[in-house]
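[1] quick check, what structure comes out for this input:
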Amino acid sequence: MIKRATLHSAIMLALLGMSSMALADVTASTVSSVNAATATTGRGNAPVTIGEVEKEAPPERGTGSLSKELVKHASPNENFQSVLRNVPGFTVTSSGPGNLTTNDSTFTYQGFNSDQIGVNLDGVPLINTFRGGTNGQGDDHALTPLGMGQFSGVSVYSGANTPSETGINALGATLDYKPRMPTSKFYAEVSGSGGLYSGGNGNSAAGGFSINSGVLPYTGTKLYANYYYSPFHSFLDHVYSINNNYYFAAVQPYNHGMSQLSLITIYNHEIAQQPENVPLALLQKYGRSFQWARDIANNHTTTSSYTTIVGWKSILNQYMLAKAKFFITQNTNDRTAYANAAYKDGYEGYPLPTALKGYANPSKTGRPSNTYNPTALFGNSYNGTQYQRYIDNFGNAGFMPSLTFLLPHNTVTLGGLYMFSKDNSAEYWYGAPDVPMIDGYNDAWDEHDTRNYADVYVQDRISLFNHRLIITPGAKYYMVGTTCNDIEGYYYNYGGTVSNTFNYWEPSFGVSFLATKNADLYFHYGRVYKVPNISAYYSVIGKTPTPGAMLVKPEYVDSIDTGIRYNFGAIKTSLAYFRRMFSNKFGYFYNDQTGQTFQYNVGSALYQGLTASVDGKLPYNMNAFINYSLTDAKYTSDFDAADGASVSSGEYVGDVPMYNLNFGLGYHYAGFSARITDHVIGSQYINTNKGAPAGIALHPYNITNLNLGYVWRPAEMGVKKLTFDVYVDNLFNANYIPYEYLQLQSAKDGGNFIAAQASAPAFVGASLAAKF
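    Numbers count the residues shown, from 1 in each chain. As a prediction, this is how the structure comes out:
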């Protein structure tokens, strides 16, 4: 018989040392296998890992990942979202280390916008629960919840997943970022990087250090900390970001190694000049770098993002594992937009990105009751609304417990989440840069929102036929309560409060079968809900003394993933089909006169497609990959859009690239490495500013990136390793448009026009890191 200490060691490795996927594989039968393996190998009481004794079918769903190597060697221009373009199905529009974006959706995955994707850090929600997404939504266009030095990889779970893995709002997928954690050996590293855009307009730089304690004597504690400073000047005129990123992580084992505490803390601070979408005609006239001169229009922002996660894991006995996480996140956004009143009628025939207001004088009707008189102070209402200060501060605090039972042929997990979310959004107008923030004086709105998330789930992982057949049923029950309160302001004749609670079940079922040693088949079905954004609540406040009814229903998606994975020696292949059936799909539109975003249900839609990938090692120290994703997204019901247009079943959903193709070739020998990658984005139909299909398609485009690296390990000088990298992004200087929409305007205001986001030109950069 194996000694109890060895049994505990095996479970401990599964709990604390393996990934969450490996943990799900642990069963009581595994323990018996460890017994046998230890006897066979003759290693006595030496710990044995699960992987040494168990061969199982991989997960029963479509997955992808971003490796530690790709994250570590990312270009200085990358951010925590732009690196995702290496995963099939991703199209990313955010740019630079400051996560700068011109629109609310910072990426799409298999057609789903960033606010329809669950985003976690170590399983903990990072999202804005009131609007969706981690950044971008609500004009938070320069926010950095995660810096590049603060995570080591990303797992991408396509569609619906097991209840423990599915994130909040995860209609299309869940992204789980892996935090950078301390390791067992001491090291310190100093690094710096920089580069220039072609044409000389814009540059990027970064510098910082990290230190890893290794295992401290007597206590077994492991500590890791880093700091990075990233000043970035965009290729866009006048646009920049300055980031200070701080990170700390600690791991403390106790109870003879049977239990563990962990701590992750992040604080990121950013100062930025936000970019804006520009009329396409102005980009064509003045070039891709065009943004309005700062004395005509600008958008200055200061943001911060804070996250702390306290984790606990413990082996209760040989059949029970317990885990819990306590977390808090807080994000602040303080933006002052400026528009020169001399251009109140437009710039070269097009409106400025910030609309001046001609109605901010005290109302003769007394509604709203603001007392600010811009005419008395600044000559007229247009002059008195040149500066518009906006804040959006949101955060979450919560607790996530789980208990896993290791049964003979099952791994049963019971878990849950309670999370309290809070948001304060407000805007104030004035005629000078130092904008006072006084309710009842110059507020357009001042809104306070709360959301309470509570869920419980149960999932099983049934292992049959010597682990060749895996069945994973599960279900999660949600309760989401929302309260929205607005006071009187320019956009609200009356204040008021709206609240409600939604309840729903999210079922999940999957199966995978290891048909041969190298081939496995999988199928997964699940349903995921997303409750209405806060815009559905605040838009019914203000018109009457009593708010109207909030009629928007949660949207939900029934997801099916099925496919096959096959390994040819060192070459891995996969082919998968996905089907996403939307019900109560949301539509949005922004009214630049009232300053409100409206949300409504448009009916149903179907997203379906294929993904295929091949990657592996080649002769002569080479490796290669190619992956392809095809997405067909169409409405399956008729509806009338907010702009009055009738949308028919069978029309394409806007902002969904029809295909993505990524391929790359790498070489590595004796410290030298080279990698070239190409990313092809297919055509996509665009929307109007009111959320309806515009009947116009963006052209496909491709971006080629090159990376050359060398690692030198000097025998002296006290340096363990020197790593030097050279990067060329957009090697062939492709000039393309990644995002467009059709702005609807009356003929008297100049008529409709296309607004667009420009693409970055070629960028050449280098980095140097010294590890001690």
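[2] could you use CA atoms for every contact and neighbour count after this?
    Noted.
[3] now Tyr359. Its backbone dihedrals?
    Dihedral angles of Tyr359 (phi, psi; degrees, to the nearest 10) stand at phi -130, psi 20.
[4] where does the stretch 51-200 of the chain have low pLDDT?
    Residue ranges of the stretch 51-200 of the chain with pLDDT under 70: 51-63.
[5] scratch that, the chain
    Along the chain, the parts satisfying pLDDT under 70 run over 1-63, 590-596, 643.
[6] do a quick rundown of the helices in it.
    For the chain, the helices defined by DSSP state H cover 4-12, 20-24, 28-41, 50-53, 68-72, 280-286, 374-378, 535-538.
[7] which ones are touching the closest residue in space to Ser613 that isn't next to it in sequence?
    Nearest residue to Ser613, sequence neighbours excluded (CA to CA, 6 or more residues apart in numbering): Asn627, at 4.0 Å. Taking CA atoms under 8 Å, 6 or more residues apart in numbering, we find Asn627 in contact with Pro88, Thr611, Ala612, Ser613, Val614, Leu661, Asn662, Phe663.
[8] show me which pair in those is furthest apart.
    Using CA to CA, the two most remote members of the contacts of Asn627 are Thr611 and Phe663, lying 13.5 Å apart.
[9] before we move on, the earlier item: go through the contacts of Asn627 and flag which are in strands.
    Those of the contacts of Asn627 mapping onto strands are Thr611, Ala612, Ser613, Val614, Leu661, Asn662, Phe663, per DSSP state E.
[10] number of nearby residues for the last one?
    By the measure other CA atoms under 10 Å, the count of residues near Phe663 is 20.
[11] that one touches Ile703, doesn't it?
    No: counting by CA atoms under 8 Å, Phe663 does not reach Ile703; the two are 10.9 Å apart.
[12] joint contacts of these two?
    Shared contacts of Phe663 and Ile703, counting by CA under 8 Å, 6+ apart, come down to Asp678, His679.
[13] quick check: bridge partners of the closest residue to Tyr418 other than its chain neighbours?
    In space, and not counting its chain neighbours, Tyr418 is closest to Ala454: 4.5 Å by CA to CA, 6+ apart. Note on Ala454: beta-bridge partners Tyr418, Met479, judged by DSSP bridges.
[14] what's near enough to touch Ala454?
    Counted by CA under 8 Å, 6+ apart, Ala454 has contacts Gly416, Leu417, Tyr418, Met419, Tyr478, Met479, Val480.
[15] in contact with Ala324, which residues?
    Residues in contact with Ala324 (CA under 8 Å, 6+ apart) are Gly311, Trp312, Lys313, Phe399, Met400, Pro401, Ser402.
[16] neighbours of the third one, just the number please.
    The one in question is Lys313. Neighbourhood size, Lys313 [other CA under 10 Å]: 22.
[17] leaving out the residues flanking it, which one is nearest to it?
    Lys323 (4.5 Å).
[18] beta partners of the one you found?
    Under DSSP bridges, the beta-bridge partners of Lys323 are Lys313, Ser402.
[19] residue contacts, it?
    Taking CA under 8 Å, 6+ apart, we find Lys323 in contact with Gly311, Trp312, Lys313, Ser314, Pro401, Ser402, Leu403.
[20] quick one: it and Phe420, what's the gap?
    According to CA to CA, to the nearest Å, Lys323 and Phe420 sit 20 Å apart.
[21] again, but for Arg527
    23 Å.
[22] which of those two has more neighbours?
    Ranked by neighbour count (other CA under 10 Å), Arg527 and Phe420 place Arg527 first, with 24 against 18.
[23] give the contact list for that one.
    Going by CA under 8 Å, 6+ apart, Arg527 touches Ala160, Glu506, Pro507, Ser508, Tyr556, Val557, Asp558, Ser559.
[24] and which of these is nearest Asp392?
    Among these, and counting by CA to CA, the member closest to Asp392 is Tyr556, at 26.8 Å.
[25] so that closest one sits against Phe582, correct?
    Yes: counting by CA under 8 Å, Tyr556 touches Phe582, with 5.9 Å between them.
[26] pretty sure Asn396 contacts Asn331?
    No: using CA under 8 Å, Asn396 is not in contact with Asn331; the gap is 9.2 Å.
[27] that older thread, ok, now how distant is the residue nearest to Ser613 from Ser155?
    16 Å.
[28] ditto for Ala694
    Taking CA to CA as the measure, Ala694 falls 34 Å from Ser155.
[29] which one's more surrounded, the two?
    Ala694 (20 against 17).
[30] okay but the more buried one is in contact with Tyr685, surely?
    Yes: using CA under 8 Å, Ala694 is in contact with Tyr685, at 7.3 Å.
[31] shared neighbours of those two, anything?
    Contacts common to Ala694 and Tyr685, judged by CA under 8 Å, 6+ apart, are Gly654.
[32] hang on, Gln116 packs against Gly132?
    Yes: the pair Gln116 and Gly132 qualifies as a contact (CA under 8 Å) at a distance of 6.7 Å.
[33] higher neighbour count, those two?
    More neighbours surround Gly132 than the other of Gln116 and Gly132, with 29 against 23 (other CA under 10 Å).
[34] ok, and the closest non-adjacent residue to that one?
    Leaving out its chain neighbours, the residue that sits closest to Gly132 by CA to CA, 6+ apart is Asp115, at 4.1 Å.
[35] for the stretch 201-350 of the chain, what spans make up the strands?
    Ranges of strands in the stretch 201-350 of the chain, per DSSP state E, counting those that start in this stretch, are 203-215, 222-233, 240-254, 259-273, 278-279, 297-317, 320-339.
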